[in-house]
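Trainee: next come a sequence and a model predicted from it.
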Amino acid sequence: MHATFLDGIVQAFSLANLSYALIGCLLGTLVGVLPGLGPASAMAILLPVSVYLPPQGAIIILAGIYYGAMYGGSTTAILMNIPGEVASVVTCIDGFAMTKNGRAGEALAIAAIGSCIAGLLGTAAIAFIGPWLANIALKFGPAEYFGLVGFSMVALVSFSGDSVIKGLTLGVFGMWLAAVGTDPLTGTQRLNFGTMELMKGLDLVPVLVGLFGIGEVLSTAEERISTLYAGKFGSWLTMVPRGVELAKGLWASLRGTAAGFFLGLLPGMLPALTAYIAYDVEKWVARDKDKFGKGAIEGVASPEAANNATAMAGFIPLFALGIPTSPSLAIMLGALMINGLTPGPQLFEQHALLTWTVIASMITANLMLLVLNLPLVGLWARISLVPYKFLAPIVLAICIVGAFSPRNTMFDVWVAITFGIVGYAMRKLAWPAAPLVLGFLLGPFFEQSLRQSLQLSGGSPSGLLASPICMSLLIAAAAMLGAMTYLKQRSRMVRSVIHDSAAEL
Amino acid sequence: MMGRVESLVFMVIGVIGVADGVRIAAQLRPGNINDPIGPDRYLMIIAALLFVLGLVQLVWPRRQTASVGSSSGGVFASGGFPITAQLLISLIVYAFALPVLGYAPATLLFFLAAFWIMGVRPLWVNAGASILSAAAAYLLFQRGADMALPTTPLGF
C-alpha cells in the first residue's frame, strides 16, 4: 500500500509522534532563547540520540529543534534586544523598538503568528513540491547527480562567508576529510596512516558534535553575555494586534514567507540571510520608510516569517534530492543516514509513510510552537537569563557522551575534541562552517557520481557534458559563483548581510 | 600572520593527501580501465586543489574580518582567551580520565573544574552544582539510557 499525506497526518497525531514533536519544539524554543547555543549546535549535540529513537521520532525531534529555534530566537530579540539566534538579529531592530514603545506583546504575537503562517504554508509547499521534485529526480543518473551535488556545493560556498576562496578551501577540506578510510568502490585504504580507527573513516557524529557543540561552547565561554534592556512586557489582553496593524503584519508575513521560501530552496540561503532580505523588501515596498527602526510591525513580521519559511523550504531539496541547504539540514541528513535512510527521490517511494509522517508532524509542531510562544513567553524570557557559566560545562559533558555513544569508542571523543578546536578556530577567524560540513557530507556522493559517470563514458568527460541537466547545473553553478564573487566585492550591503549571517550555526 | 598560518596548514594537508594518493597509485594494480579516476587520482585532485587554494591565500592574504560572535548587534562583549584554554584543558583531562576513573567520578571532577573555570563561586555552590550535574548525567546516561560508558570495577 502506498502511503499518502493523509496517512502521515494520522500518524503525526499518534501520542508518540505528538510527544516527539513537543520535545523537539520545547528543546528548539529553549535553544532559541538561550544566546550562545544555535540550532545546528543543539541538533549536533542531540544527534547521537537518533541512534536510540525510531527514525521518525529522531527526525521529528531534530526538525522541531530547527524551526523551534527560529520561533524562540525572536522572544529574547524582542524583549531584551538579545538575538537568541542569528536569524533573529534583524528582528531586534523593530521588535525591541516596539518593546520600548510598550508594544512587546504585539511584537511577540505577530512574530509567532508570522512564523506559524510561514510554517504552515511551508509544510503545504513541501507536501506538494517534494514528491513532484522527487519524481523528476528519479530519472537522474550519475552525471545528473554529479551536476546537482556540484551545484549545491558551489552555491553554498558562494553564499558562505565573505570570501569565496575561504568557502572553496573549506568545501574541499570537507571532501578531503570524507576521503579518509576505506574507498567504498574498491576497498582501498586512504589517509588512515596505518591506524585501525581510521579504516572506517571519520564518523559523522563526533565531527559535528565537535565542530558545532564543543566549538560553540569554547567560543561563547569567553564572551560576556549581558542584558541591555529588559523592556515592558505588555498586557495579555493587548498581545494580539488588531485592525490596520494586524493587516499590515499579516501582509508582511505573507511577503516574508514568499521571499524566505523561494530563496530557501537555494543551498546556502540561510534563515539569517533571508530574514535580512525580507526586511529590506519591507523597507522597499513601504510608503513610509522612516518608521523602520522605530517599531514598525512589518519589520518584525516579515523577517520572522522569512526565517521560518527558509527553514521549512530547505526540507524540499533535502527530502527530494538528498541535498542539505544549511548546516542544520546537513545534520538532519546525517540523522537520516544514521537511521539507514537515504534521502533523495527514493525516500518518497521506499519510506513513504515515514516521510509523510515527518512532513505532517511539521503542522502539529508549528501549532505547538504558536501555543508555546504566546502563553509561555514569560517563562522563556526568564529561562533566557540562566547564566552561561552553568550551561557551558553541562553542554560540554553532553558533547562528550554524544561523541562516545554511537560507536562506544574513546577515539571518537578525541575526534570530537579535535574538531571542537577546529570549530573554535573557525569562529574566531570567521571561517564559515557550512562548506566544510557540506563537503564532508556530500564528498562521497560527489566522488561516487563522478567516478561512475566516467566509468559509463569510458573515462571521457563527454558523459558529463552530454547530459543537459548536468551541463545546466554546472553552468548555473559557475554563474552563481561569478555573480556572488562580483557582488561580494562591489556591494557593501551584500557583503555585510553575508558576513552577519555567517554566524548562524 | 594568522591568515598565513591557516594557509600553510591547508597546504600541508594538501601535500599529505597528494602523498597518500601517490602511495595508493603505486600499490594499485595497473590497467584498472573500469575506474578511470580511482581512489588515488580523486584524492590527488582534491588534495592538490586544497594545496593550490592554501597557496592562493598565502600569496594574496585577505584582511581578517571580525569574529562572528561580535556580529550580534554588540550584544557580546569580548573576554579573554584563557577561559577557553582552561576549558579545553579540562576537557582533555576529562577524556584521559574517563577510561581510567570511570564515567561518574571523571564527570564529577570535570564539572568541579569546569564550573570553577566558568566562575561558579563560592566553593559550596560549585560543589553543589557539580554533584547535582554529575548525578543527573549518571542517572540519565548510564542508568536511564543504559549507555555503555566507561566504568570502574566498582560499576560506576
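Mentor: Now that the structure is in, tell me what you want to look at. Numbers count the residues shown, from 1 in each chain, chains lettered A, B, ... in the order given.
Trainee: what's the end-to-end length of stretch A:368-378?
Mentor: Stretch A:368-378 has an end-to-end distance of 16 Å (Cα to Cα, to the nearest Å).
Trainee: how far out from the middle of the chain is that stretch?
Mentor: On the basis of Cα atoms, centre = their mean, to the nearest Å, stretch A:368-378 sits 22 Å off its chain's mean C-alpha point.
Trainee: and the contacts of stretch A:368-382?
Mentor: Contacting residues not belonging to stretch A:368-382 are listed as A:21-22, A:25-26, A:28-30, A:33, A:67-68, A:71-72, A:75-76, A:79-80, A:108-109, A:111-113, A:115-116, A:119, A:233, A:239 [Cβ atoms under 8 Å, 6 or more residues apart in numbering or on different chains]. Heads up, the C-betas are built off the backbone N, CA and C, glycines and all.
Trainee: just want the most central residue of the chain.
Mentor: The chain I'm using is chain A. residue A:328 (3.5 Å; Cα atoms, centre = their mean).
Trainee: to clarify, I was referring to chain B.
Mentor: Against the mean C-alpha coordinate of chain B, by Cα atoms, centre = their mean, the closest residue is residue B:88 at 9.5 Å.
Trainee: need the per-residue pLDDT for that one.
Mentor: In this model, residue B:88 is scored at 95, pLDDT.
Trainee: picking up where we left off before, could you find the closest non-adjacent residue to the residue nearest to the centre of chain A?
Mentor: residue A:40 (4.5 Å; Cβ to Cβ, 6 or more residues apart in numbering or on different chains).
Trainee: hmm, residue A:327 and the one you found touching each other?
Mentor: Yes: at 4.4 Å, residue A:40 counts as touching residue A:327 under the criterion of Cβ atoms under 8 Å.
Trainee: on that earlier part again, pLDDT value on the residue nearest to the centre of chain A, please?
Mentor: pLDDT, read off for residue A:328, is 86.
Trainee: list the contacts of it.
Mentor: A:39, A:40, A:43, A:66, A:311, A:314.
Trainee: how far away is the last one from residue A:70?
Mentor: Using Cβ to Cβ, to the nearest Å, residue A:314 is found at 11 Å from residue A:70.
Trainee: more neighbours: which of these two?
Mentor: residue A:70 (34 against 29; other Cβ atoms under 10 Å in any protein chain shown).
Trainee: residue 101 - how many residues pack around it?
Mentor: All of this is about chain A. 16.
Trainee: please refer instead to chain B.
Mentor: Residue B:101 has 18 neighbouring residues, counting by other Cβ under 10 Å.
Trainee: likewise for the one 10 residues further on?
Mentor: For residue B:111, the number of neighbouring residues by other Cβ under 10 Å comes to 27.
Trainee: roughly how far does it sit from residue B:138?
Mentor: Distance of residue B:111 to residue B:138, given as Cβ to Cβ: 11 Å.
Trainee: chain B: helices as residue ranges?
Mentor: Counting by DSSP state H, chain B has helices at residues B:2-27, B:38-59, B:82-101, B:103-117, B:123-137.
Trainee: which one of these is the most hemmed in?
Mentor: Of the helices of chain B, the one with the most neighbours on average (mean count of other Cβ atoms under 10 Å in any protein chain shown) is helix B:103-117, at a mean of 22.
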